[in-house]
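Okay, predicted coordinates and the sequence, questions at the end:
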Amino acid sequence: MAQPVTEKRYLKTSTAMAAALIATLATPLNAQESTADGGVFTMLGRLVFGAGSERVAIDVPQAVTVLNQDDFDREQATTVGDVLERIPGVSTVGSESPWGESFNIRGIGSGGSADEPRIVMLIDGVGKYYEQYRLGSLFTEPEFFKRVEVLRGPSSSTLYGSGAIAGVIAMETKDASDFLEGDDTFAARQRLQFTGNGNGRLSSTILAFAPNDSFEALLGYNYRTSDIVEGGDGQLLTGTEGTSRAFIAKGTLRFGDANEHSLEASVVRNTSFVNDQVYNLVDATTTVGHG
C-alpha cells in the first residue's frame, strides 16, 4: 500500500514543479504587457519618411540609412559629406572641401558631369537643381540639418523617377520646435567651434520662436572660416582657405482640427569666398586651373 502513496506524492511534486515553471515562463510576458501599458517602448529602428510612406527602417524593401542630429553632433561635421561618407556604399567625389562637393552611391556619380541624372537630392522635400562646373553639386551648411535619409539603389526610381538610378539623398532642415522645450515660446542657441588644423572657426546662431501651437519660426546664421589646411602627408591643401556665410529662415503654419494640416516655407542661402580655389575639386583626372 506504500507504493501508491509514493506515486501520489511524486505526482503532486511534479504538478507543483510544472505550475512553478509555467508561472516563471509567464512572468516575462505579463511584465512585458504591463511595461507596455505603463508607457515603456521598445526601439524597433529609425523611421524612414522618404520611402513612400512612414515606415520603420527594417521594413523598407531596399537599402536605406537614416542619420539624425546625434550623428551630426558626433562627427562635428564641417560638410554634409563628413556624415554621409560613413554610410556603406556612399562616398564624396574628389575633394571633401566645405566649398562644394559631389557624391557617389554604389559607384554611380562622378565629378565630370552633373549628379542630377543619377542621384536625387532633396532639401525639405524639394529637389535641389544646381551644379557648378567641377566644383560640386551641394553647397550648404551642415549646421542647418537635423536629418538625412539615403536610399541606395535603382529601386528608388519607382518613387522619384529615372533620376534616382543611383539613389536618393533627402535632407531635412531644423525646426523651431527642435530648440523649444515645454511651454517655451522663444529660444536662442549660440555655438562656437575651433579646429586646430587650419585654425578653423565656426559661429552658429539660432533663434527659435513659437507664440502658439499653430505657428513657429526659425532664423539661423552661420559664419565659418579657415586658413589653409595641412594634409596627412604634410602638404598644404590648395583651396581650403576661405570663408562661408550661411543663412536660414523657416516658418511653419498649422491649421485644421488638431492642427493636422501645415504649410511650411524655408529659405537657405550660402555664400563662400575662397582664396586660391581649385576649379576642379571633384574630378581628379583633369586639372583646369586656379582662381
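Now that the structure is in, tell me what you want to look at.

Run through the stretch 1-150 of the chain and note the low-pLDDT ranges.
1-62, 94-99, 110-117, 130-135 (pLDDT under 70).

so what's Ala208 scoring on pLDDT?
Note for Ala208: predicted pLDDT of 97.

Okay, and Asp70 sits in which element?
Under the criterion DSSP states H and E, the helix or strand holding Asp70 is helix 69-75.

Please export the C-alpha coordinates of stretch 241-249 as PDB.
Below are the C-alpha coordinates for stretch 241-249, written out as PDB (Å, rounded to 0.1, in the frame of the first residue of the first chain):
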ATOM      1  CA  GLU A 241      41.500  78.600 -47.200                       C
ATOM      2  CA  GLY A 242      38.300  80.700 -47.200                       C
ATOM      3  CA  THR A 243      35.100  81.900 -45.500                       C
ATOM      4  CA  SER A 244      31.500  81.000 -45.900                       C
ATOM      5  CA  ARG A 245      28.400  82.700 -44.600                       C
ATOM      6  CA  ALA A 246      25.100  80.800 -44.400                       C
ATOM      7  CA  PHE A 247      21.500  81.900 -43.600                       C
ATOM      8  CA  ILE A 248      18.300  80.100 -43.000                       C
ATOM      9  CA  ALA A 249      14.700  81.300 -42.400                       C
END
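
List the buried residues in that stretch.
241-242, 244, 246, 248 (16 or more other CB atoms under 10 Å). Every residue, glycine included, has its C-beta placed from N, CA and C.

next one: stretch 200-213
Within stretch 200-213, the residues scored as buried using 16+ other CB under 10 Å are 200, 202, 204, 206-210.

repeat for stretch 83-91
83-85, 87, 89-91.

Out of those, which two sit at the greatest distance?
Val83 and Gly89 (14.5 Å; CB to CB).

rewinding a little: go through the buried residues of stretch 83-91 and flag which are in helices.
83-84 (DSSP state H).

rewinding a little: just the ones of the buried residues of stretch 200-213 in strands?
200, 202, 204, 206-210 (DSSP state E).

Gln76: which of these is nearest?
Leu202 (9.4 Å).

I figured Gly220 hits Lys146, correct?
No - contact status for Gly220 versus Lys146: not in contact, 11.7 Å apart, counting by CB atoms under 8 Å.

Which residues are in contact with each of those two?
Lys174 (CB atoms under 8 Å, 6 or more residues apart in numbering).

In terms of packing, which of the two has more residues around it?
Applying other CB atoms under 10 Å to Gly220 and Lys146 shows that Gly220 carries more neighbours, namely 21 against 17.

from memory Val148 sits against Pro142, does it?
No - in terms of CB under 8 Å, Val148 does not count as a neighbour of Pro142; the distance is 9.3 Å.

where do the contact lists of these two overlap?
Residues touching both Val148 and Pro142 (CB under 8 Å, 6+ apart): 80, 83.

re earlier: Throw the buried residues of stretch 241-249 into TSV and include pLDDT, thanks.
Below are the buried residues of stretch 241-249 laid out as TSV (pLDDT from 0 to 100):
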residue	pLDDT
Glu241	84
Gly242	86
Ser244	90
Ala246	93
Ile248	96
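
Pick out whichever of the residues you listed sits closest to Arg189.
Of the buried residues of stretch 241-249, the one sitting nearest to Arg189 (CB to CB) turns out to be Ile248, at 13.0 Å.

Not counting sequence-adjacent ones, nearest residue to that closest one?
Gly220 (4.3 Å; CB to CB, 6 or more residues apart in numbering).

That neighbour looks like it's in a strand, true?
Yes - counting by DSSP: H, G, I helix; E, B strand; the rest coil, one finds Gly220 located in a strand.
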